[in-house]
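In: Fold the following and give me the result.
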Amino acid sequence: MHFFSDNVTPIAPAVMTAIADADRADHGYDGDAWSARLDGAFSDLFDTPVSALWVSTGTAANCIALATLCPPYGGILCHEEAHIIADECGAPGFFTHGATLMPLAGDGAKLTPDRVTDRLKAIRPDVHQVPARTISITNATEYGLVYTPEEVAALGDLTKAHGLGFHMDGARFANAVAHLGCAPADVTWRAGVDALSFGCVKNGGMVGEALLFFGEQGPARAAEAKRWRKRSGHLFSKGRYLAAQILAMIANDLWLHNAHAANGAAQALAQSATGRLMHPVEANELFVRLTADEAASLRAQGFDFYDWGEGAARLVTNWSQDAQSVAPLAAALKALPHG
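Out: Model (predicted):
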């Protein structure tokens, strides 16, 4: 049983059907009927005008968003363990032509207004230092914690006060919203977010993510993002296949249904990992304390997962699982000594 990542999952049947339905001649790039529906579909979902485009990968979505929000001489405030700084091979600098990532500490990979404010105060307002131009947060975070609407809004107030852009990496945005039970708008544009990378692949898609821009500057930023998409080699000639997947994901709330399933499976595992959890389980990731022998024992029983530093492991559930399907791992965790 694979618990490496939600990247290992099969494609949701509705998404596969949508790909097949799109398998007919249409205009190339993003001139097709499916791509043309993205703005309206996401505007309905978020209760506000949205400029939306498909992008091939999450890294591209994050970095194209940052390129529209931050100039080459600017700085991007983010958590020190954010995906953009720890797992994207310098892509933000590549896409922005040199913008500086400004890492900050924070429990559970969360930024707080106090830490952001302290960092901003330390930057002299002269040409010798990199000025902060954007804040980027991940929801759910790299440790599976969820920013509430109030927490996002507190950071959003800071971005407005200091004239900063505000990006949200939403690779697991669906899992965050499923946990919160709020409207997608409440944790994004209503809280000050300018650009959202809306994850699909981890939630049952095959390939392709959505990049969304909110607010009055949304259309202009989306137009700029399309040029970044082309220039970086991420403009698919048959983009309808990506657009069709994204539309299928948000139709009939499939994105939320899938996220609830993954979150529920994670909760089932959490109940069997009492005393081992390193962070609260709020989305579909668990970080548990395991000795090397315990990890080897679980792997010998057929469970795959990543080690996460010495004496720790990460377990990720996905949309195709539920409490019953993860019961064997739950039982194995519970059977470990001193669990």
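In: Give the rounded mean pLDDT of the helix or strand harbouring Arg119.
Out: Arg119 belongs to helix 113-121 when assigned by DSSP states H and E. Helix 113-121 shows a mean pLDDT of 97.
In: buried residues in it?
Out: Val116, Arg119, Leu120 (16 or more other Cβ atoms under 10 Å). (C-beta placed from N, C-alpha, C; glycine too.)
In: got a list of contacts for it?
Out: When contacts are defined by Cβ atoms under 8 Å, 6 or more residues apart in numbering, helix 113-121 is touched by residues Leu77, Met102, Leu104, Ala105, Gly106, Ala132, Ile135, Ala154, Leu155, Asp157, Leu158, His162.
In: Those in helices, which ones?
Out: Mapping the contacts of helix 113-121 onto helices (DSSP state H) picks out Ala154, Leu155, Asp157, Leu158, His162.
In: And for the first one, the neighbour number?
Out: So the one you mean is Ala154. Counted with other Cβ atoms under 10 Å, residues neighbouring Ala154 total 18.
In: For it, give me its contacts.
Out: Counted by Cβ under 8 Å, 6+ apart, Ala154 has contacts Pro113.
In: how much space between it and Gly192?
Out: Going from Ala154 to Gly192 by Cβ to Cβ, to the nearest Å gives 9 Å.
In: any idea of the mean pLDDT for stretch 31-38?
Out: 97.
In: try stretch 160-170
Out: Mean predicted confidence for stretch 160-170 is 98.
In: and the nearest residue to Trp228 once chain neighbours are set aside, what is it in contact with?
Out: Of all residues not flanking Trp228 in the chain, Ile64 sits nearest, at 4.5 Å (Cβ to Cβ, 6 or more residues apart in numbering). Residues near Ile64 by Cβ under 8 Å, 6+ apart: Val55, Phe95, Leu211, Ala225, Trp228, Arg229, Ser232, His234.
In: Apply 6 Å and report the result again.
Out: Ala225, Trp228, Arg229 (Cβ atoms under 6 Å, 6 or more residues apart in numbering).
In: Can you say which helix or strand has it in it?
Out: Using DSSP H and E, Ile64 maps to helix 58-69.
In: Okay then, goodbye and thanks.
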